[in-house]
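**Q** Could you look at this predicted model? Sequence included:
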Amino acid sequence: MPAVSENQPTQSMRAIGPEAFTPAAARRLLWRAGFGGTPGQARTLSEWGPERAVDFLLEYDAIPYERDDDSSFSGSIVVPLSEQEQRQLARARQGGDEETVARFRARRQAAQREDRKQMASVQRWWLARMIESPRPMQEKMTLFWHGRLVSGYRAVENSYHMLGQNNLFREHALGSFAGLLHAIIRDPAMLEYLDNKRSRKNAPNENLARELMELFALGVGAYSERDIKEGARALTGYSYEGNGFVFNRNQHDGGSKTILGVRGPLDGDGFVDAILAQRACAEFLCWGLYRFFVADLPQDFKRTPGWAKAVIGKMASTLRRHKYELRPALRELFLSEHFHDPALGDEKIKSPVELVVGAVRSIGAPVRELGVLIDALDLMGQDLFNPPNVAGWAGGRAWINTSTLYARQNTLTYLLTGETPEGERRRARGGHPFDPRSLASGLGVPAKDTDLFASALLGHLLGEAAKPLRPQRERLVSGMLREAPGMDGIREAVGLITALPEYQLC
């Protein structure tokens, strides 16, 4: 399963013309700038032409979206002890009052259990948004930031703070990276995750300063150890109380610092501004966007192929020219001849979220039980709100191994049939198998013409993936449709196609 075609794609960032924006090209755009779409949606975007289609996906604020908001989630489950309670607990420990200590412990454990339940609800809430939202690009970018500016619930242990960070990413999804970077140093989840809550002028913690430069904004080699130490000083006193940011001025080091060549009494905002002033910042961010939207490049930025570096450099120039506003750079990318080059088509491995959400949005599979899907995402290696570490998910080939591939196939079976594996037998959980009539009618070809229908079905579900194998696949699917005419045959054909290796690509 190749990560990137051996054929070098064009480096041209010229916009493609309407004649090149076929339904197949629109299908690729729907997958990359969202989570896939129906055959009808791909045809509609193609008829609109590339500019209107891209603007429709990027300018999502014009699209109304009404659903249950997040107001039902509680921000008062995890409540720190008051000063009086802290003194009471300290006296109990010193005096050997085990009954009082046990009461405080039981209270903490009950809050933790309740918060874990709420975290599970927040996971289901976000998955539902990705499935339902008419603004797929907004949720896709929220997912990008979640894997880029990483925090994890296991370390934060506050579901409301993780929800707040998720909404922060959604608010800034396609806005200014500068604005998001200034906001993230005030985010309670991030301050807890990277231990900045207790960073004081006499004992600065370097974690947030290091990851801001190493993983979030600059990349290895674009800063020095002194920059980390000075950045940590700039971030002292940046903390939170309850669910909001606080700046503890008495704990902030207000002395002169030199960070990335900028000298002065820099605080957190001065630190972020120094980062944003570096050319490496725009390039490093565009490299991350390119890996997320275009091709599974090597994880090491320095190993990026020359042709990709050239395109990333052009994106970075656009980003800097527009003062880190993301829409112009992504609009240029999604319209470009480079993005639509056949060499980059359908060779990006779907993340587990893309696989699950995309199956619902492009096939019309029932959602069934969100809790089952959340568990399946975990088995496939993408536990929402719990990235494996501060570097996030590796992506690309790391998504696929013998264990996760088995989980992927079982998850698609569950979506299509409602059955889940349990030992040697299967148990129905999600109701009836999915109804393929909407998918079939959307293809725009008669099902009775099995050869034509098989070609259209494979084109929609696989795109351009594994083209040398396409004649063989078409004969197999066409034969299946002849043996089992009608909806049952189409349902079986969809099950077969989604079990193919090519379906793991987009």
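**A** Perfect, I can see it now.
**Q** can you give me the strands in the stretch 151-300 of the chain?
**A** Taking DSSP state E, counting those that start in this stretch as the criterion, the stretch 151-300 of the chain contains strands spanning 238-241, 244-247, 257-259, 262-264.
**Q** Distance to Ile400 added to those, as TSV?
**A** Using the backbone N, CA and C atoms, a C-beta is placed for each residue, glycine as well. Below are the strands of the stretch 151-300 of the chain laid out as TSV (distance: least, C-beta to C-beta, whole Å):
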stretch	distance to Ile400
strand 238-241	39
strand 244-247	40
strand 257-259	40
strand 262-264	43
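**Q** tell me the most buried of these?
**A** Of the strands of the stretch 151-300 of the chain, the one with the most neighbours on average (mean count of other C-beta atoms under 10 Å) is strand 257-259, at a mean of 21.
**Q** That one packs against which elements?
**A** In terms of contacts (3 or more C-beta pairs under 8 Å, 6 or more residues apart in numbering; DSSP states H and E), strand 257-259 is packed against helix 225-234, helix 268-276.
**Q** Direction included, what does that strand pair against?
**A** Each strand paired with strand 257-259, and its direction, by DSSP bridges: strand 262-264 (antiparallel).
**Q** could you give the mean pLDDT of the strand it pairs with?
**A** For strand 262-264, mean pLDDT is 98.
**Q** likewise stretch 431-446?
**A** 94.
**Q** CA-only coordinates of that stretch in CSV, if you can.
**A** C-alpha atoms of stretch 431-446 as CSV (Å, rounded to 0.1, in the frame of the first residue of the first chain):
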residue,chain,number,x,y,z
GLY,A,431,-30.8,-3.4,13.8
HIS,A,432,-31.3,-4.2,10.1
PRO,A,433,-28.7,-4.1,7.4
PHE,A,434,-28.4,-0.8,5.6
ASP,A,435,-30.7,0.1,2.7
PRO,A,436,-28.6,0.7,-0.4
ARG,A,437,-31.4,2.2,-2.5
SER,A,438,-30.3,5.8,-2.0
LEU,A,439,-26.7,4.9,-2.9
ALA,A,440,-27.8,2.9,-5.9
SER,A,441,-30.1,5.7,-7.3
GLY,A,442,-27.4,8.3,-6.7
LEU,A,443,-25.0,6.5,-9.0
GLY,A,444,-27.1,7.6,-11.9
VAL,A,445,-26.9,4.3,-13.8
PRO,A,446,-29.4,1.4,-14.0
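**Q** Please identify the buried residues of it?
**A** By 16 or more other C-beta atoms under 10 Å, the buried positions in stretch 431-446 come out as 433-434, 436, 439-440, 442-443, 445.
**Q** export stretch 219-229 as PDB, just CAs?
**A** Extracted in PDB, the C-alpha atoms of stretch 219-229 (Å, rounded to 0.1, in the frame of the first residue of the first chain):
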ATOM      1  CA  GLY A 219       9.900  21.900  14.300                       C
ATOM      2  CA  VAL A 220      13.200  20.500  15.500                       C
ATOM      3  CA  GLY A 221      16.300  22.600  14.600                       C
ATOM      4  CA  ALA A 222      14.500  25.900  14.400                       C
ATOM      5  CA  TYR A 223      15.200  27.000  18.000                       C
ATOM      6  CA  SER A 224      17.800  26.500  20.700                       C
ATOM      7  CA  GLU A 225      17.800  25.100  24.200                       C
ATOM      8  CA  ARG A 226      18.200  28.700  25.400                       C
ATOM      9  CA  ASP A 227      15.000  29.700  23.500                       C
ATOM     10  CA  ILE A 228      13.200  27.000  25.500                       C
ATOM     11  CA  LYS A 229      14.400  28.200  28.800                       C
END
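**Q** if we can go back for a sec, right, and the strands of the stretch 151-300 of the chain - which one's nearest Arg397?
**A** Nearest of the strands of the stretch 151-300 of the chain to Arg397, taken as C-beta to C-beta: strand 257-259 at 36.2 Å.
**Q** and Ala343, how many neighbours does it have?
**A** By other C-beta atoms under 10 Å, the residues close to Ala343 number 15.
**Q** before we move on, the earlier item: for the strands of the stretch 151-300 of the chain, which one sits closest to Lys302?
**A** Closest among those, once you apply C-beta to C-beta, is strand 257-259, at 23.2 Å.
**Q** Check what contacts the closest one and list those residues.
**A** With contacts defined as C-beta atoms under 8 Å, 6 or more residues apart in numbering, strand 257-259 is touched by 226-227, 230-231, 233-234, 263-266, 270-271, 274.
**Q** Closest one of those residues to Arg154?
**A** For the contacts of strand 257-259, the nearest to Arg154 is Gly231 (25.6 Å; C-beta to C-beta).
**Q** Give me the distance between the closest one and Pro501.
**A** Plainly put, Gly231 is 45 Å away from Pro501 if you go by C-beta to C-beta, to the nearest Å.
**Q** So these two - more neighbours on which side?
**A** Legend: neighbour count by other C-beta under 10 Å for Gly231 and Pro501, higher for Gly231 (27 against 13).
**Q** show me the contacts for that one.
**A** Contacts of Gly231 by C-beta under 8 Å, 6+ apart are 206, 209-210, 212-213, 259, 271.
**Q** same check, this time on Thr142
**A** 126, 166, 169-170, 173.
**Q** 10 Å - rerun?
**A** Contacts for Thr142 (C-beta atoms under 10 Å, 6 or more residues apart in numbering) come out as 126, 129-130, 133, 166-173.
**Q** Kindly report the same for Leu81.
**A** 87-89, 104, 107-108.
**Q** Report the secondary structure state of it.
**A** coil (DSSP: H, G, I helix; E, B strand; the rest coil).
**Q** Pull up the per-residue confidence for it.
**A** Reported pLDDT for Leu81: 91.
**Q** what about it, distance to Glu47?
**A** Taking C-beta to C-beta, one finds Leu81 at 61 Å from Glu47.
**Q** do Leu500 as well
**A** 29 Å.
**Q** I'd assumed Met141 was in contact with Phe35.
**A** No - at 12.0 Å, Phe35 does not count as touching Met141 under the criterion of C-beta atoms under 10 Å.
**Q** Can you tell me the SS state at Ala359?
**A** helix.
**Q** wait, Thr10
**A** coil.
**Q** Would you format the helices and strands packed on strand 257-259 as JSON lines with mean pLDDT and distance to Thr404 included?
**A** Output for the helices and strands packed on strand 257-259, formatted as JSON lines (pLDDT from 0 to 100; distance: least, C-beta to C-beta, whole Å):
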{"stretch": "helix 225-234", "mean pLDDT": "98", "distance to Thr404": "35"}
{"stretch": "helix 268-276", "mean pLDDT": "98", "distance to Thr404": "35"}
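**Q** would a markdown table of those helices with distance to Tyr324 be doable?
**A** Formatted as a markdown table, the helices and strands packed on strand 257-259 follow (distance: least, C-beta to C-beta, whole Å):
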| stretch | distance to Tyr324 |
| --- | --- |
| helix 225-234 | 19 |
| helix 268-276 | 7 |
